[in-house]
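Chemist: sequence and predicted structure, then a few things I'm wondering about:
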Amino acid sequence: MMDDDFIPVRLSVNGVPHRLFVEPRRTLLDMLREDLELTGTNAGCEHGSCGACTVLLDGQSVRACLLLAVQANGHEVMTVEGLARHGRMHPLQEAFWEKQALQCGFCTPGMLMTAYELLQQNPDPGEEEIRSALSGNLCRCTGYQHIVEAIRLAAQRLREEAEAATPSETTA
Amino acid sequence: MTTTVSERAWIGKDLKRREDPALLMGTVTYINDFKVAGMLHAAVLRSPYAHARIRAIDTSAARALPGVQAVLTGKEAAEVIGPVPAFCAEPVVEQAIAVEKVRYAGEAVVAVAAESRAIAEDALDLIEIDWEPLPAVTDALSAMQPGAPLVHENLGTNVVYDHVFTFGDVDGDFAQADHVIRRRLRWPRATAAPLEPNGAVCAYDPARGTMEIWSNTNMLNSASWVMSSMLKIPPHKLNFYPMYTGGSFGSKHFLAKVIGIAGALSKVTGRPVKFMEDRLDNLMANDSQGPERIYDAELAVTNDGKFLSLRLQTIDDYGAYFIFAITGNTNMMAQITGPYTIRSVATGIKAVLTNKNQQTVFRGAGSDVGNWVLERLVDAAAEQLGIDRVEIRRRNFIQPDQFPYKIPTGNVYDSGNYPGVLDLALAHFDLDAWRQEQARARQEGRYLGIGLATAQQRSTYSSTEFWFHNPAPATGLNSTPESVRISVGPTGGVTVTMFSPFWGNSPETVVAQVVAEELDIDPRDVNVTYDSTAHALPSAGPGGSRMTVMLAGAVHGAAARLKEKIFKIAAHMLEASVSDLELVGGQVRVKGVPSSSVSLADIGMRAYWFKLDLPPELESGLEGTFTYDHPYTTKPHDDRKDLGVFYPIMGHAAHLVAVEVDIETGAVLFKKYVAVHDVGTVLNPRSLQGQIRGGIAQGIGLALLEEVRYGADGQNLTSTFVDYLLPSASDVPSIEVYHQETPSPFTAYGVKGGGEGGRMVAPPAVTSAIEDALRPFGISIAEMPITPEKIVRWVKEAQSRHSRQTH
């Protein structure tokens, strides 16, 4: 492949700007994993069925295996590595830990990103809404119940955090 | 063991898993995340035919592609690697890359190593193969017919194994029976399909003649000597590194083909090579499909509902190869009579080869099938004799005072309280309320069903099961040890080293809890690591629900050795006798004199760096190692009328399920699911519940959705997750899980393994529930998966039968 077959891509991943040259056929998943060495996002099926590679593109969940890297040009990507801050787990991750919402952990990054999007859109989802949101993410280990419980727990804590933060913001 | 449940500080505590934070933050290294400098990437060209001869392969264009470093046909690979290691006595030879002919669609034909995976895949497109397609045989019954195309010509038949095992007076018991319940039952071919496929990085060092192997094989230490013959490198020059594994469920025991392909390419290029299966590779060729069986099953029963004898004839479709022989059939002999006092058994096994990917092991390993078959017969007996399904089980349970209990095959059940488990399940389910609800629903034209299964979950395998299908004298009966090393460092830090990898459950959490129990320290202060095979103690690796039992035993033993030295040093330091000392909270102190104590740090420092102040007979250092052997195995008798004790650590479960079936759409809706499991002493409730619920989800998948399907031409019709349906969050209900604890008398702390029970008990419970819902139509369910199409068809057929009868 000639050098001029490579196409420039500018994007931000977890808030960090990147400029890369990629083959047009390179998937976003391969770019994240191979070029940026962000291996938290996993390749489960590479045909868009399992959801293990779910990341957020401008806040919307996408299958990184079905998107080309060049399509992410100019966009903001968030991966599982973007959830924890300064080594402290996000409330979703804490809740997944507490409820044992994972076993082998391979689907977990995709589950977390799907759940993150859900809670952004709906801070208080019911069980059916959670199960429906997860219907595109396969887990072979857990039977999902613990994942559903974890997302409910995280939602509750995030709501409490938001409520606790609101008065101080208004007085500030 | 001297401690009782109430005295234990850490065993049984509901602790969060220590494995989880790294998994949650995406920082663990799975095999696909692993890189070494100079690494090449492999891709594999797979056969488009189920059965074909390879006349010629032209790889010249592929070799000429820039970035391609090696192209290996099967013939070329056979110059650097040997056949895939096989445990069968029969001459069925499998190569990592097919030579001369292919035997299933998706079999590897050519492998390429290139600078990137994309280039390797480009190269595959440039390979030309001259094929001679052969007729394929894709179903066991046709494969048994004379004149059927032969999968392996050298065998002269596709029936690779045919034998009837008889235990006890089966004919006499059937002659005495008032009723014989007969069913023909079909168990579908399923596959483990962990979310992470198989992968390996092999790095051959031509200067030293060594190979380093990073892979997600579960059985590292078995792998090194088993794979040696294939890689043509002596075992001590192979070093396997443990990796975090993204699920296995039995499918990642050896990964011989994946390691063989990466290894062969590394040998010819002299560079490290990664071969990572993609999903198509995995679903078409993972060598880990589950059983596909037709049973003619008979249960001899008396008028009062007592089960006397069981007679099974099995036709099992093993696919194209036979590496683990009939393990899936011998495994179920561990618990073939279930929780019942059945006194004789005959089990005939015809293993048939077909043009499909081969069967090896999937969670349950064949005992899942045995449970389903037996529970189907028990439900049928209840119906035929007009005895309640709960009552007929009660009448036949082995009673709590009968343990240890020897079943007809020779295996022994260690302990149990089956009526207790059933009572607990009934108490949480409220059967009467659901029966009323069912009656009310039927008046409204809705179909509710109640399902029940009471079944065994054997744990802690002993590998005599791999061999006793061979005629005596035995070809050798290998064993299954597991080891750990516990070291206390010079500043008192405790590290446990394991020699089996993380494969999806909780080995680190388990060993930390047991070490904490033994040393009376906080498990969070324990460091847990893994070591490669070059440094390993004996370790058979995960499989057959053994790791919790084996690791607990190994840690218990290693801690005892470690404590012996700790006490000797402390006694020397405190000028006390060992018998006057106790270990409390990480301090050794004189009993009743807390002020007279030394810490593990004091003892560690003394042990490592102050030899002159140690008792003179002690060497420097402070560690305990222990190799725990299977707690109870005996050899099979030469005539195989008694298989010996090989799977005695016996768990049990009762599942009660309520479903509603929509007869218009065939949809099955779960209304309630109660599961009570008894796996002895519970080490970590949260981890066990995860195993149970996840296993039940797989059992529901099998009952309703999952099937590896092949077309008449042998094409795999389920090579993607669009076609091979795993249960999703919308398919699996919330499940109430409860425990009864009947400790094993044979294991450390009384623990039993619980890794497979959910999947082993859910299929009969779900089948029973759907059959109960469809009872007004007189439908007897004899196959899975019970798909919506089948339900709609069965109901329509029943209705048209009914209307024919009434007109």
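Modeler: Received, thanks.
Chemist: and the closest residue to chain A within the stretch 551-700 of chain B, how close does it get to B:Val722?
Modeler: Across the stretch 551-700 of chain B, the shortest distance to chain A (CB to the nearest CB) belongs to B:Ala697, at 3.4 Å. (C-beta placed from N, C-alpha, C; glycine too.) From B:Ala697 across to B:Val722, the span is 19 Å (CB to CB, to the nearest Å).
Chemist: higher neighbour count, these two?
Modeler: B:Ala697 (28 against 11; other CB atoms under 10 Å in any protein chain shown).
Chemist: and the pLDDT for that one?
Modeler: For B:Ala697, the pLDDT comes out at 98.
Chemist: assign it to helix, strand or coil.
Modeler: helix (DSSP: H, G, I helix; E, B strand; the rest coil).
Chemist: isn't it up against B:Pro727?
Modeler: Yes - B:Ala697 is within contact range of B:Pro727, at 5.5 Å (criterion: CB atoms under 8 Å).
Chemist: pLDDT score for the residue of chain A found nearest chain B?
Modeler: Residue of chain A nearest chain B, by CB to the nearest CB: A:Gly40 (2.0 Å). For A:Gly40, the pLDDT comes out at 98.
Chemist: now swap in B:His807 and tell me
Modeler: 67.
Chemist: do the same with A:Thr170
Modeler: For A:Thr170, pLDDT reads 49.
Chemist: what does B:Leu353 give?
Modeler: For B:Leu353, pLDDT reads 98.
Chemist: the residue of chain B found nearest chain A and A:Cys50, how far apart?
Modeler: Chain B approaches chain A most closely through B:Gly26 (2.0 Å), counting by CB to the nearest CB. Look at B:Gly26 and A:Cys50: by CB to CB, they are 16 Å apart.
Chemist: got it, and B:Val268?
Modeler: 34 Å.
Chemist: low-confidence stretches in the stretch 351-500 of chain B?
Modeler: The stretch 351-500 of chain B contains residues with pLDDT under 70 at B:472-476.
Chemist: how about the strands in it?
Modeler: B:405-406, B:412-413, B:447-459, B:482-488, B:494-498 (DSSP state E, counting those that start in this stretch).
Chemist: any chance of those strands in CSV, with distance to chain A and mean neighbour count too?
Modeler: As requested, the strands of the stretch 351-500 of chain B are arranged in CSV below (distance: least, CB to the nearest CB, whole Å; neighbours: other CB atoms under 10 Å in any protein chain shown):
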stretch, distance to chain A, mean neighbour count
strand B:405-406, 31, 16
strand B:412-413, 27, 24
strand B:447-459, 16, 27
strand B:482-488, 20, 25
strand B:494-498, 17, 22
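Chemist: export those to TSV and append columns for distance to B:Arg561.
Modeler: Compiled in TSV, the strands of the stretch 351-500 of chain B are given as follows (distance: least, CB to CB, whole Å):
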stretch	distance to B:Arg561
strand B:405-406	34
strand B:412-413	29
strand B:447-459	26
strand B:482-488	8
strand B:494-498	13
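Chemist: measure B:Gln740 to B:Ala207 for me?
Modeler: 59 Å.
Chemist: looking at these two, which is more packed in?
Modeler: B:Gln740 (22 against 7).
Chemist: list the residues that contact B:Trp10.
Modeler: B:513-514, B:516-517, B:523 (CB atoms under 8 Å, 6 or more residues apart in numbering or on different chains).
Chemist: give the closest residue to the most centrally placed residue in chain A in space, chain neighbours not counted.
Modeler: Most central in chain A under CA atoms, centre = their mean is A:Met113, positioned 2.6 Å from the mean C-alpha point. Once flanking residues are discounted, A:Met113 sits nearest to A:Thr54: 4.6 Å by CB to CB, 6 or more residues apart in numbering or on different chains.
Chemist: so how far is A:Gly136 from that neighbour?
Modeler: 8 Å.
Chemist: ditto for B:Ser463
Modeler: 41 Å.
Chemist: higher neighbour count, B:Gly26 and A:Cys50?
Modeler: Shown here are B:Gly26 and A:Cys50; by other CB under 10 Å, A:Cys50 has more neighbours (28 against 23).
Chemist: so that one lies in a strand, does it not?
Modeler: No - read with three-state DSSP, A:Cys50 is coil and lies in no strand.
Chemist: the nearest residue to it once chain neighbours are set aside: neighbouring residues, count only.
Modeler: Nearest residue to A:Cys50 in three dimensions, chain neighbours excluded: A:Gly44, at 3.8 Å (CB to CB, 6+ apart). By other CB under 10 Å, the residues close to A:Gly44 number 29.
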